[in-house]
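**Q** Got a sequence here, can you build the structure:
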Amino acid sequence: MTQPFSVKSVTWREWLGLAAGLLALGSTFLPWTTLSTNKPDIEVVLSSLPQSDVVRNAWNASFFAWCPPLALVLAGVVVVVFGRFRKARVGGLPHLWLVVAAAALLLMVIGWFTLDWEFDADQRGIFDAAGIAIDAGFGRFLGVLAGLVSAVAAFLDMLAARAESRQPRKRQPRSKSR
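**A** You can find the predicted model right below:
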């Protein structure tokens, strides 16, 4: 039987998944890619450039920056909304959540290793010659942390769903009809 939806019927794991998704979404507005240097004359040049050229949020970075947080927030919403349905839980909702969280983490890691691909070859050549480094910003760290939290919560929810599926179902008493 399906429990009626209420705030109290949502488990802490599901709330944690939604919170992780919202944290990941919020991190997209923070710096995901930054340009930095340790040369004072180049630092002056970087400071004179528009902020959007030196610091990029996830929406201005790459697919590997904005897609994983969207997947995490979507998974969090789905788990909170449909987590009350026994058929959905037994049918694999926690497993699906774990797969989405793992895929989001994988995409973020790929984005981390392809960080310099956000710039074309000419720009990367100029950056190398000028001693400018392409670094990960605070938002990228926060996004990965949110992905890890979501994956751990999904794993714990999967274990809980497994234990729930082993319990006998409660039968509703049948009403006597005349």
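**Q** mind listing what's buried in whichever helix in the chain runs longest?
**A** Longest helix in the chain, counting residues (DSSP state H): helix 138-166. Across helix 138-166, burial judged by 16 or more other CB atoms under 10 Å covers 139-140, 142-144, 146-147, 149-158, 161. C-beta here means a position set from N, CA and C on the backbone, and glycine is covered the same way.
**Q** strand partners of the lengthiest strand in the chain, parallel vs antiparallel please.
**A** Taking DSSP state E as the criterion, the chain has its longest strand at strand 31-36. Applying DSSP bridges to the sheet, strand 31-36 is found paired with strand 55-57 (antiparallel), strand 133-136 (antiparallel).
**Q** what's the most buried one of these?
**A** strand 55-57 (a mean of 20; mean count of other CB atoms under 10 Å).
**Q** Run the chain-centre distance for that one.
**A** Between the centre of strand 55-57 and the centre of its chain there are 18 Å (CA atoms, centre = their mean, to the nearest Å).
**Q** Which one of the strands paired with strand 31-36 lies nearest to Val7?
**A** Closest to Val7 of the strands paired with strand 31-36, according to CB to CB: strand 55-57, at 31.7 Å.
**Q** if you go through the chain in chain order, where are the helices?
**A** For the chain, helices defined by DSSP H occupy the ranges 12-27, 40-48, 51-54, 63-82, 86-90, 93-113, 121-130, 138-166.
**Q** coming back round to it: could you list every helix and strand that the longest helix of the chain packs against?
**A** Other elements packing on helix 138-166 under the criterion 3 or more CB pairs under 8 Å, 6 or more residues apart in numbering; DSSP states H and E are helix 12-27, strand 31-36, helix 63-82, helix 86-90, helix 93-113.
**Q** That'll do, ta.
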